[in-house]
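**Student:** Give me a 3D structure for the following:
(one chain, ligands or ions: 1)
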Amino acid sequence: MCTAATYKTKDFYFGRTLDYEFSYGDEVTITPRNYPFHFRHIGTMTKHYAMIGMAYVADDFPLYYEAVNEAGLGMAGLNFVGNADYKGRESDKDNVAQFEFIPWILGQCASVKEARVLLEKINLINTPFSQELPLAQLHWIIADRNEALTVESVMEGIKIYDNPVGVLTNNPPFNEQMFQLNNYMNLSPQAPQNHFSDKLPLHAYSRGMGALGLPGDLSSQSRFVRAAFVKMNSVSGDSESESVSQFFHILGAVDQPRGCCDVGDGKFEITIYTSCCNTDKGVYYYTTYDNHQITAVNMYKENLDDSYLVRYPLIHGEQIKMQN
Ligand SMILES: C[C@H](CCC(=O)NCCS(=O)(=O)O)[C@H]1CC[C@H]2[C@@H]3[C@H](O)C[C@@H]4C[C@H](O)CC[C@]4(C)[C@H]3C[C@H](O)[C@]12C
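**Tutor:** All right, here's what the predicted structure looks like:
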C-alpha cells in the first residue's frame, strides 16, 4: 500500500509513502532538461522541464514512482491492482505506456490545468517496459499548489477525478474512496459534545476523543480516511523546516511497521521510504524504513541543462545523534 499527499504552507509540498515488501533499487533521480526521453510510440522528447523524484533506472530510462518538475507540478503512481486496465494503440491518441506517463506529463506541463489538456488525448497503453519489468497496475495523482486530480485507466477508459483532498492511496477507485469520507464527517479535532442522549451524563474523559472512529488499520480505504483527516486538519508554521516536519507527520499517520501487514512467505509490507518534495525549491526530502534522519537532494545544485541522469542511491541505516 502506498499513500500520496500534498501540503501547502508558503511553498507547496508533494510526497508519498512507498509501501511494499521489496525494493526495486530506488534512487533519487534528477532528469535534466536535455535528457532525451525515447518514448515507445510517440517519438523522442529532447527538451522538457527538469524533474526530480524517486525512480528505478533501467537501460538509462528513469522509471519514476513519483516526481516533481521545475514548474512545480507533482505526480505519483500508486498501486491500483485489479482495476487498472491499459489499452491497445489508437491512431488518433497519444499512446503513452504506463511507465512513460510521469515523464510525459511532467516533461511538458507546468500546471494541473495544462495536464488536463494532455489528458484529453492520452491513451495509456499496455506496452510493458521489458519482460523482467511487466506492467505495473497503477493510478496517479497529479497536483500543483492550486489543485489536484486523480487519473485512472480502467476497463471503461480514462477517468479523471478532481481530488479536493490531495490524498491518494490504492483500491477502491477514487470516487468510492471519496464517498467513504461521508461516513466520517462527524470526526473532529475538537472535544466531542454529548449528542448520544441528554439523559446520560457522558463526558469527554480524554483528549483526542473527537476523532474516535478514525480507522486505524492499514487497508487502503482506512489509510485514505486517516491521511485525509490528518492533512485537512494539519496546522504548522510555514518555514521550510516546520512545513517539512509537518509533512512527514502527516504521512507518519499511515506508516507501516514491519510485522503488521503479512503478505505471506515470511514477507511483510513496510514503508520502504517516505518522500516530501518542496516543489517550489526543487528539494526532495526522504526518510527510509531504517533511516529516520531526513536526507535531501536539491535539484538546483545540478546542471539542469545537462542531458544525463543524476542518481543518488538512498542512504540507509539509522543516523543516531548521541547527546552525551
Ligand atoms: C510497488 C509500487 C507501488 C506501491 C504500492 O502502491 N503498494 C501497494 C500494495 S497494495 O496493492 O495495496 O497491496 C509501484 C509504484 C511505482 C511502480 C514502478 C513504476 O511504475 C516504474 C516501473 C514500471 C514497470 O512497468 C514495472 C517496474 C516499475 C519500477 C514499477 C514497480 C512497482 O510497480 C512500483 C514501484
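
**Student:** For residue 280, the count of nearby residues, please.
**Tutor:** For residue 280, the count of nearby residues is 15 (other Cβ atoms under 10 Å). C-beta here means a position set from N, CA and C on the backbone, and glycine is covered the same way.

**Student:** can you check the one 5 residues further on too?
**Tutor:** Burial of residue 285, expressed as a neighbour count using other Cβ under 10 Å, amounts to 22.

**Student:** go on, the one 5 residues further on?
**Tutor:** Counted with other Cβ under 10 Å, the neighbours of residue 290 add up to 11.

**Student:** where does it land on pLDDT?
**Tutor:** pLDDT recorded at residue 290 is 97.

**Student:** One more: residue 179?
**Tutor:** At residue 179, pLDDT is 98.

**Student:** is residue 96 in a bridge, and if so with what?
**Tutor:** Residue 96 has the following beta-bridge partners by DSSP bridges: residue 124.

**Student:** count of neighbours near it?
**Tutor:** Residue 96 has 25 neighbouring residues, counting by other Cβ under 10 Å.

**Student:** And residue 305, by the same measure?
**Tutor:** 10.

**Student:** thinking it is in contact with residue 48, fair?
**Tutor:** No. Contact between residue 305 and residue 48 fails when scored by Cβ atoms under 8 Å: they sit 11.8 Å apart.

**Student:** Which neighbours do those two have in common?
**Tutor:** residue 33 (Cβ atoms under 8 Å, 6 or more residues apart in numbering).

**Student:** so which strand or helix has residue 227?
**Tutor:** helix 220-232 (DSSP states H and E).

**Student:** Any buried residues in that helix, and which?
**Tutor:** For helix 220-232, a neighbour-count test (16 or more other Cβ atoms under 10 Å) marks 220, 221, 222, 223, 224, 225, 226, 227, 228, 229, 230, 231 as buried.

**Student:** Quote the end-to-end distance of stretch 41-60.
**Tutor:** Criterion Cα to Cα, to the nearest Å; first-to-last residue distance in stretch 41-60 is 18 Å.

**Student:** Give me the contact status of it with the ligand.
**Tutor:** Yes. Contact between stretch 41-60 and the ligand, assessed by Cβ under 6 Å from any ligand atom, occurs at residue 56.

**Student:** just how off-centre is that stretch within its chain?
**Tutor:** Distance of stretch 41-60 from the chain centroid (Cα atoms, centre = their mean, to the nearest Å) equals 18 Å.

**Student:** ok so residue 210 is a helix residue?
**Tutor:** Yes. When classified by DSSP: H, G, I helix; E, B strand; the rest coil, residue 210 is found to be part of a helix.
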